[in-house]
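>>> Okay, predicted coordinates and the sequence, questions at the end:
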Amino acid sequence: MASSSSMASISRFLHRDCNFHAGLGLRRVSNVSPANCMRQSKLEVASGISLSCARKDGNFAVSSSRASPLMPILRKREALCKAEANISSGNIPEKIPTQMSTYERIVELLTTLFPLWVIIGTIIGIYKPSMVTWLETDLFTVGLGFLMLSMGLTLTFDDFRRCMRNPWTVGVGFLAQYVVKPLLGFAIAMTLKLSAPLATGLILVSCCPGGQASNVATYISKGNVALSVLMTTCSTIGAIVMTPLLTKFFAGQLVPVDAAGLALSTFQVVLLPTIIGVLAHEYFPKFTEKIITITPLIGVLLTTLLCASPIGQVSEVLKSQGPQLILPVALLHIAAFALGYFVSRFCSFGESTSRTISIECGMQSSALGFLLAQKHFTNPLVAVPSAVSVVAMALGGSGLAVFWRNQPIPADDKDDFKE
């Protein structure tokens, strides 16, 4: 049995550091690097949860894990407080009431099968477009805004403080998203000599922020989920300036670009819902916890629709010019995944961090690119690359994640992330 001082440390940990991110269907826990620990022990709890305790210079830290870390529902704070009270009194319960409910297991299954829903949505969009094209510009805007709101509901002010504690790691991911990716889009468009509308569309989607699907892919790939969430958050906030500015810079010579209009739409659809979500979580936590219990399932359904609808709206173009449209988009994502990984390794990041940055670089909010193309460009072909990208980035990212899942992380992998 551990000493009473260690029990107090565990109690403080439960009170302070157990953060659950429900909107993305993911749970983040604080990690303790073995390299920094003089002694480690594990407390295995009968319910399938393990508490890893590490001590250095008399200070204890704890990380918890269970067989399935995809936790779509925010745990009730009362359960944590009860567990804290039991542990602080020296009594470790034989069973902690954290079993996943049937609803939670269903949402987890639906989330992990995201690539399958994308494939089904793509097939429906191409062969039965009328089933998904009802989600036009106005409704599409509402749907995308709701997804951004659901992400904001999982964030707190502490997440932004973590960005400040990880400037180099988060900064490299930000540069990969807004320097490497746009350069790739421009280079591919010029090399393949795409028409002005298609080139503009490819550049536009390459300038969009990271997408929520990257967080799920990062988990599958054994990457750093906490870092992925932070990178997605930072690129989302940066999109209000970077997306219109870079699109104007790279595509302004091809077609007229309304940078101010792009910035306003990005603020309305992406940044504003995210800010509302963060503030709701911070100032109305009880109300937010109730909402979060239903947002994951709605999020899965909305994401599938937001993938299928763009395909349905450009289905005729895809049928007639499929190969010409798929090649540049596929090259963009393949090159982004590869460069994101190798740039990270060049910067001396560990394997887990490199996988995370690669996925963040290769997967972006293509749905936002599609919406901006529809609202701010008169030629409908500008929206086609974003529609193709919705499918390409989801399938490419998921495929890469499954490949990496079968490649073990080195035991001495460098920890680049500071909680």
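Happy to help now that I have it. Numbers count the residues shown, from 1 in each chain.
>>> would you list every one of the helices in the stretch 251-400 of the chain?
259-266, 272-283, 285-292, 295-313, 315-346, 351-362, 366-376, 384-405 (DSSP state H, counting those that start in this stretch).
>>> surely K319 meets Y127?
No: at 9.5 Å, K319 does not count as touching Y127 under the criterion of C-beta atoms under 8 Å. Bear in mind the C-beta positions are built from the backbone N, C-alpha and C, glycine included.
>>> Indicate which one of the helices of the stretch 251-400 of the chain is closest to T191.
T191 sits nearest to helix 315-346 of all these, at 8.9 Å, using C-beta to C-beta.
>>> Mind listing what's buried along that closest one?
Neighbour-count burial for helix 315-346, with 16 or more other C-beta atoms under 10 Å as criterion, is recorded at 315, 317-318, 325, 328-333, 335-337, 339-341, 343-344.
>>> what angle separates it from helix 295-313?
Orientation check (axes from the mean of the first three to the mean of the last three C-alpha atoms, to 10 degrees): helix 315-346 against helix 295-313 gives 120 degrees.
>>> Strands of the stretch 51-200 of the chain, start to end?
Here the stretch 51-200 of the chain has its strands, by DSSP state E, counting those that start in this stretch, at 59-65.
>>> all helices of it, in order?
77-88, 102-112, 114-127, 137-153, 157-165, 167-175, 181-191, 196-206.
>>> Find the residue closest to L254 in space, skipping its chain neighbours.
Excluding its sequence neighbours, the residue lying closest to L254 (C-beta to C-beta, 6 or more residues apart in numbering) is A196, at 4.5 Å.
>>> ok, G261 - contacts?
The contact partners of G261, taken as C-beta atoms under 8 Å, 6 or more residues apart in numbering, are P244, K375, H376.
>>> Recalculate using a threshold of 7 Å.
H376 (C-beta atoms under 7 Å, 6 or more residues apart in numbering).
>>> pretty sure G185 contacts C208?
No: using C-beta atoms under 7 Å, G185 is not in contact with C208, being 10.0 Å away.
>>> Could you measure from K222 over to V329?
27 Å (C-beta to C-beta, to the nearest Å).
>>> can you check F377 too?
The value you get for F377 to V329, if C-beta to C-beta is used, is 17 Å.
>>> same deal with A213?
For A213, the distance to V329 - C-beta to C-beta - is 16 Å.
>>> just M363 next, same as before
Counting by C-beta to C-beta, the gap from M363 to V329 is 13 Å.
>>> Please apply the same query to I409.
Between I409 and V329 the computed distance is 30 Å (C-beta to C-beta).
>>> Give the ranges of residues in the stretch 151-300 of the chain that sit below the confidence cut-off.
Judged by pLDDT under 70, the stretch 151-300 of the chain has its weakly predicted residues at 163.
>>> just how off-centre is stretch 223-236 within its chain?
The chain centroid and the centroid of stretch 223-236 are separated by 6 Å under C-alpha atoms, centre = their mean, to the nearest Å.
>>> can you check stretch 132-143 too?
22 Å.
>>> same question, stretch 187-195
That offset, for stretch 187-195, works out to 29 Å (C-alpha atoms, centre = their mean).
>>> Please name the residues that touch the closest residue to M148 other than its chain neighbours.
Leaving out its chain neighbours, the residue that sits closest to M148 by C-beta to C-beta, 6+ apart is P273, at 4.0 Å. P273 makes contact with G145, M148, L149, G152, according to C-beta under 7 Å, 6+ apart.
>>> can you rerun that using 6 Å?
By C-beta atoms under 6 Å, 6 or more residues apart in numbering, the contact list for P273 reads G145, M148, L149.
>>> same question, N406
N406 neighbours (C-beta under 6 Å, 6+ apart): none.
>>> From here on, call the first residue 305.
Shifting the count to begin at 305 puts that one at N710.
>>> Look up how far G703 lies from it.
12 Å.
>>> Next: C665.
16 Å.
>>> So for those two, which sits in the more crowded spot?
Just comparing C665 and G703: by other C-beta atoms under 10 Å the higher neighbour count belongs to C665, 31 against 13.
>>> how close does that one sit to S648?
Plainly put, C665 is 9 Å away from S648 if you go by C-beta to C-beta.
>>> what's the answer for A517, then?
20 Å.
>>> repeat for C538
From C538 over to S648 (counting by C-beta to C-beta), the distance is 16 Å.
>>> now swap in C611 and tell me
27 Å.
>>> what do you get for L568?
Distance from L568 to S648, by C-beta to C-beta: 33 Å.
>>> repeat for S669
If you go by C-beta to C-beta, the gap between S669 and S648 works out to 21 Å.
>>> In TSV: the helices of the stretch 355-504 of the chain, plus distance to V686.
As requested, these are exported to TSV (distance: least, C-beta to C-beta, whole Å):
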stretch	distance to V686
helix 381-392	47
helix 406-416	31
helix 418-431	18
helix 441-457	14
helix 461-469	33
helix 471-479	26
helix 485-495	12
helix 500-510	4
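>>> okay if I get the ones you listed as TSV plus mean neighbour count and distance to A584?
Output for the helices of the stretch 355-504 of the chain, formatted as TSV (neighbours: other C-beta atoms under 10 Å; distance: least, C-beta to C-beta, whole Å):
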stretch	mean neighbour count	distance to A584
helix 381-392	15	16
helix 406-416	17	21
helix 418-431	18	25
helix 441-457	19	6
helix 461-469	13	12
helix 471-479	19	24
helix 485-495	20	31
helix 500-510	28	30
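>>> can you tell me which of the ones you listed comes nearest to A530?
Ranking the helices of the stretch 355-504 of the chain by distance to A530, with C-beta to C-beta as the measure, places helix 461-469 first at 7.6 Å.
>>> when you compare where that closest one runs with where helix 576-587 runs, what's the angle?
Orientation check (the same axes, to 10 degrees): helix 461-469 against helix 576-587 gives 110 degrees.
>>> still on that earlier bit, just put the helices of the stretch 555-704 of the chain in a markdown table and tack on distance to T460.
As requested, the helices of the stretch 555-704 of the chain are exported to a markdown table (distance: least, C-beta to C-beta, whole Å):
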| stretch | distance to T460 |
| --- | --- |
| helix 563-570 | 23 |
| helix 576-587 | 6 |
| helix 589-596 | 9 |
| helix 599-617 | 16 |
| helix 619-650 | 27 |
| helix 655-666 | 20 |
| helix 670-680 | 24 |
| helix 688-709 | 26 |
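>>> Give me whichever of those helices is most buried.
helix 655-666 (a mean of 29; mean count of other C-beta atoms under 10 Å).
>>> I'd like the average pLDDT over it.
For helix 655-666, mean pLDDT rounds to 91.
>>> now what about that helix, what contacts it?
477, 480, 514, 518, 521-522, 525, 527-528, 531-532, 535, 637, 640-641, 644-645, 648-649, 701, 708, 713-714, 717, 720.
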